[in-house]
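Student: give me coordinates for this.
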Amino acid sequence: MKKLIIVILCLFVTVAGYSQKAKFGHVDYADLMKDIPGIDTAQTVLLAYQKELEETGQQMVNEFKEKQAAYMQLANSGASAAILKVKEDEMMKLYERIQEFASISEEDLQKKQLELLKPFQEKLLAAIKKVAEAGHYTYIFDVTTLAFHGESDNLTEEVKKELGK
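Tutor: Numbering: from 1, shown residues only. Sure, this is the predicted structure:
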């Protein structure tokens, strides 16, 4: 009988714990990110890195176009099949290098973005967590990814205060 009472008591405590109303909040993550001090510098560095990669890629494309024009000139002037084959192979290798560069550049840009923005994201998430714990929120959502939000507190301004804005 004692065991039954203990089991019923445990079930009651568990049900009582789950019956508390969940508290929901939302923030505008993008708005908060742009307001973090120093992020503009990180974004400037990222844009400069992106521009550098694009310029290198454009140089490769221009080289390809020059080789293609030279090939067309040779083809129109009646060059031998052997010469045309060599030029085609050169263009194909350059085309493959351009594709490889584009792929590697994209990965490098993503790594650079992660490297530069991660400290700001961690700072923002820490501020959101602090506000959530202080307000006893069960969930805090990013409003930019929600199609709809009903009863939910907008905590964007509180998080800005936490970030020092």
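Student: so what's the gap between the helix with the most length in the chain and the chain middle?
Tutor: In the chain, assigned by DSSP state H, the helix with the most residues is helix 81-135. In this view, helix 81-135 has its centroid 11 Å away from the chain centroid, taken as Cα atoms, centre = their mean, to the nearest Å.
Student: tally up the residues packed near residue 88, please.
Tutor: 13 (other Cβ atoms under 10 Å). No exception for glycine: its C-beta is placed from N, CA and C like everyone else's.
Student: spatially nearest residue to it, not counting backbone neighbours?
Tutor: Nearest residue to residue 88 in three dimensions, chain neighbours excluded: residue 71, at 7.0 Å (Cβ to Cβ, 6 or more residues apart in numbering).
Student: got the contact list for the one you found?
Tutor: With contact taken as Cβ atoms under 8 Å, 6 or more residues apart in numbering, residue 71 is in contact with 84, 87, 88, 91.
Student: just the pLDDT for the last one.
Tutor: The reference is to residue 91. We have a pLDDT of 95 for residue 91.
Student: got a list of what it touches?
Tutor: Per Cβ under 8 Å, 6+ apart, neighbours of residue 91: 64, 67, 68, 71.
Student: would you turn these into a markdown table with pLDDT and distance to residue 146?
Tutor: Converted to a markdown table, the contacts of residue 91 look like this (pLDDT from 0 to 100; distance: Cβ to Cβ, whole Å):
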| residue | pLDDT | distance to residue 146 |
| --- | --- | --- |
| 64 | 96 | 45 |
| 67 | 94 | 51 |
| 68 | 95 | 49 |
| 71 | 92 | 54 |
